[in-house]
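S.K.: Sequence below, structure please.
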Amino acid sequence: MSNPVIVVVGAGPGISGSVARRFGREGYDVGLIGLDDAMLTELGAGLQADGVETGWAVADIADGQALTAAVERFGYHKGRIDVLHFNPSAYRPKSPLELTPAELCQDLAIGVGGLLTALQAAKQYMSSGARITATGSAAADTPDPGAASLGIQKASLRNLIRSIDTALTPEGIRAVSVTVQGVLAREGAFTPDKVADAIYAAATQDEANWRDEVPYSG
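M.R.: Numbers count the residues shown, from 1 in each chain. So this is what the prediction gives:
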């Protein structure tokens, strides 16, 4: 029987890298999708050195065709996708008085629209028991006015996850966002590894008591 597969969209050295390593330790094969080829190579090679079967692909999350091709590449190669983790968001330091509608739409295409693209590409390789997870943020509830689009992205992402969960529950596929209620740090409760532990716990929660949003406060 083949190993379960996780595809990490928006892979990087922070939470998403820790998520890849956390699931890798649990026996998952890992697919990484991100924009920085050098970073992906470093992260992927590190996982391979730990004995985790890993592949990676460079794709702009806002480029629907490129993201679709990358997700489908992993699904076709493995014949399955058991966890789809969505991590990216766009940070734009503009207040509501400075942010333009066009800029907001650009940011939403990355932080929210990318999940739609990835899910629609992955769905054909997902079966009952598969999970969609997303990195949420307290910005959804307490937005920073100096980065207005980030709060909008995270609130919209949470809403989308709830919609996905409702739509796919009849097929045994569940979705959950983990709301990180703190600032990432090298030490303490909000290290990327500890957030990754929370995401793994959310993905493997009891389906009978499923929550489509899990707060993480350390």
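S.K.: Every contact and neighbour count from this point should use C-alpha atoms.
M.R.: OK.
S.K.: mind checking the longest helix of this protein?
M.R.: helix 148-168 (DSSP state H).
S.K.: residues contacting the residue nearest in space to the middle of the chain?
M.R.: The centre of the chain sits closest to residue 86, judged by Cα atoms, centre = their mean, with a distance of 1.6 Å. Applying Cα atoms under 8 Å, 6 or more residues apart in numbering, we find residue 86 in contact with 8-10, 115, 132-135.
S.K.: Show me where this structure has its helices.
M.R.: Using DSSP H, helices in the chain cover 15-25, 37-49, 64-78, 101-108, 114-122, 148-168, 192-203.
S.K.: Could you export those helices as JSON lines, including distance to residue 182 and mean neighbour count?
M.R.: Listed next are these as JSON lines, based on distance: least, Cα to Cα, whole Å; neighbours: other Cα atoms under 10 Å:
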{"stretch": "helix 15-25", "distance to residue 182": "13", "mean neighbour count": "22"}
{"stretch": "helix 37-49", "distance to residue 182": "25", "mean neighbour count": "16"}
{"stretch": "helix 64-78", "distance to residue 182": "29", "mean neighbour count": "19"}
{"stretch": "helix 101-108", "distance to residue 182": "22", "mean neighbour count": "16"}
{"stretch": "helix 114-122", "distance to residue 182": "23", "mean neighbour count": "21"}
{"stretch": "helix 148-168", "distance to residue 182": "14", "mean neighbour count": "21"}
{"stretch": "helix 192-203", "distance to residue 182": "10", "mean neighbour count": "21"}
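S.K.: Let me have the ones you listed in JSON lines, extended by distance to residue 214 and mean pLDDT.
M.R.: Below are the helices of the chain laid out as JSON lines (distance: least, Cα to Cα, whole Å; pLDDT from 0 to 100):
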{"stretch": "helix 15-25", "distance to residue 214": "16", "mean pLDDT": "98"}
{"stretch": "helix 37-49", "distance to residue 214": "27", "mean pLDDT": "97"}
{"stretch": "helix 64-78", "distance to residue 214": "25", "mean pLDDT": "97"}
{"stretch": "helix 101-108", "distance to residue 214": "22", "mean pLDDT": "98"}
{"stretch": "helix 114-122", "distance to residue 214": "18", "mean pLDDT": "98"}
{"stretch": "helix 148-168", "distance to residue 214": "10", "mean pLDDT": "98"}
{"stretch": "helix 192-203", "distance to residue 214": "7", "mean pLDDT": "97"}
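S.K.: how far away is the closest residue in space to residue 184 that isn't next to it in sequence from residue 196?
M.R.: Of all residues not flanking residue 184 in the chain, residue 190 sits nearest, at 4.9 Å (Cα to Cα, 6 or more residues apart in numbering). For residue 190, the distance to residue 196 (Cα to Cα, to the nearest Å) stands at 10 Å.
S.K.: got any residues that touch both of those two?
M.R.: With Cα under 8 Å, 6+ apart, residue 190 and residue 196 have no common neighbours.
S.K.: one step back: not counting the longest helix of the chain itself, show me its contacts.
M.R.: So helix 148-168 is contacted by 89-96, 99, 104, 107-108, 111-112, 134, 136-137, 139-144, 173-177, 212-213 (Cα under 8 Å, 6+ apart).
S.K.: Of those, grab the buried ones for ChimeraX.
M.R.: Only the buried entries of the contacts of helix 148-168 go into this ChimeraX selection, using 16 or more other Cα atoms under 10 Å:
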select :89,90,94,99,104,107,108,111,112,134,136,137,139,140,143,144,173,174,175,176,177,212,213
